[in-house]
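**Student:** Got a predicted structure plus its sequence, pasted below:
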Amino acid sequence: MSRRRNLAARALAALLVACLAPRPAAADDPPLRTLGIGVSDAGLRATFGFRDVFSPSIRDRLRSGLPTRIVLQISLEREGKGKPVAYFAQTSQIVYDLWEEAFYVAIEDERGRRRARAESLERALDLAGVLRRVKVASLAGLEPGNYRLRVLAEVNPVSAEMVENIRRWLARPEGAGSGSGQGNFFGSFVGIFVDRNIGEADKSVVFISQWFEIKASP
């Protein structure tokens, strides 16, 4: 019976999110990308790649043995609202071991810190430049309505303070990916890091997802 209940819960969750028909982009919108978006375990999950943040010159430098840091920030926007309603951050670091001829990728997000070995550059880029069904927001506190994701990925941001503050955010008990209702800290943090000017990194990419509808649970 438990398996049937799990299957029913997954089917119900899939009904909570529905992609909307494409609509004209606003003049100040960044490029649009169609992302994989779904729901499970009361969380909004996203699947997409951002490997284009690794330019040819950055790929060449990855074999130097020097660490390369990637900072990913995602905000959840509700249609008609001026401020993001949820936020997710992930930091990654790629280091090539010249002696072992292998890459080591360290990733930190709300799930904690983990480290993986990659035998090839392409595998290292997949580990650091692709999200697969990662929970980027909680549904708790989110009202039914139309939403989209705004994504900013940067390689070697100049501001060490920004990276440190993101790590402090990840260490908070409620973690990243939480929904609305987090108080003044959430609003001020997102205001600083989502709305700031980009271009202060070796390479930056920014894009938005398609609009999708979050429906009320029956």
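**Tutor:** That came through, no problem. Numbers count the residues shown, from 1 in each chain.
**Student:** Contacts only, for residue 216.
**Tutor:** residue 144 (Cβ atoms under 8 Å, 6 or more residues apart in numbering). Where C-beta positions appear, they are placed from N, C-alpha and C, glycine not excepted.
**Student:** Give the helix, strand or coil label for it.
**Tutor:** The three-state label given to residue 216 by DSSP: H, G, I helix; E, B strand; the rest coil is coil.
**Student:** residue ranges for the strands of the chain, please.
**Tutor:** Secondary structure of the chain (DSSP state E): strands located at 17-19, 36-40, 43-49, 68-78, 86-97, 102-109, 112-118, 130-138, 145-155, 203-208, 212-214.
**Student:** Export these as TSV, with columns for mean neighbour count and mean pLDDT.
**Tutor:** As requested, the strands of the chain are exported to TSV (neighbours: other Cβ atoms under 10 Å; pLDDT from 0 to 100):
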stretch	mean neighbour count	mean pLDDT
strand 17-19	14	63
strand 36-40	17	90
strand 43-49	19	94
strand 68-78	22	92
strand 86-97	21	93
strand 102-109	19	95
strand 112-118	13	94
strand 130-138	19	93
strand 145-155	21	93
strand 203-208	18	92
strand 212-214	17	91
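**Student:** Now distance to residue 29 too, for those, in TSV please.
**Tutor:** Listed next are these as TSV, based on distance: least, Cβ to Cβ, whole Å:
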stretch	distance to residue 29
strand 17-19	17
strand 36-40	18
strand 43-49	17
strand 68-78	11
strand 86-97	19
strand 102-109	26
strand 112-118	34
strand 130-138	19
strand 145-155	9
strand 203-208	6
strand 212-214	16
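**Student:** So for residue 190, what's the pLDDT?
**Tutor:** Note on residue 190: pLDDT of 52.
**Student:** Hmm, I typed the wrong one, I wanted residue 157.
**Tutor:** pLDDT at residue 157 comes out at 82.
**Student:** likewise the one 5 residues further on?
**Tutor:** Here, the pLDDT recorded for residue 162 equals 66.
**Student:** The one 5 residues further on now?
**Tutor:** According to the predicted model, the pLDDT of residue 167 comes to 69.
**Student:** which strand residues sit across from the nearest residue to residue 132 once chain neighbours are set aside in the sheet?
**Tutor:** Nearest residue to residue 132, sequence neighbours excluded (Cβ to Cβ, 6 or more residues apart in numbering): residue 47, at 5.4 Å. Beta bridges link residue 47 to residue 36, judged by DSSP bridges.
**Student:** From what I see, residue 47 and residue 131 are in contact.
**Tutor:** Yes. Judged on Cβ atoms under 8 Å, residue 47 makes contact with residue 131 at a distance of 6.1 Å.
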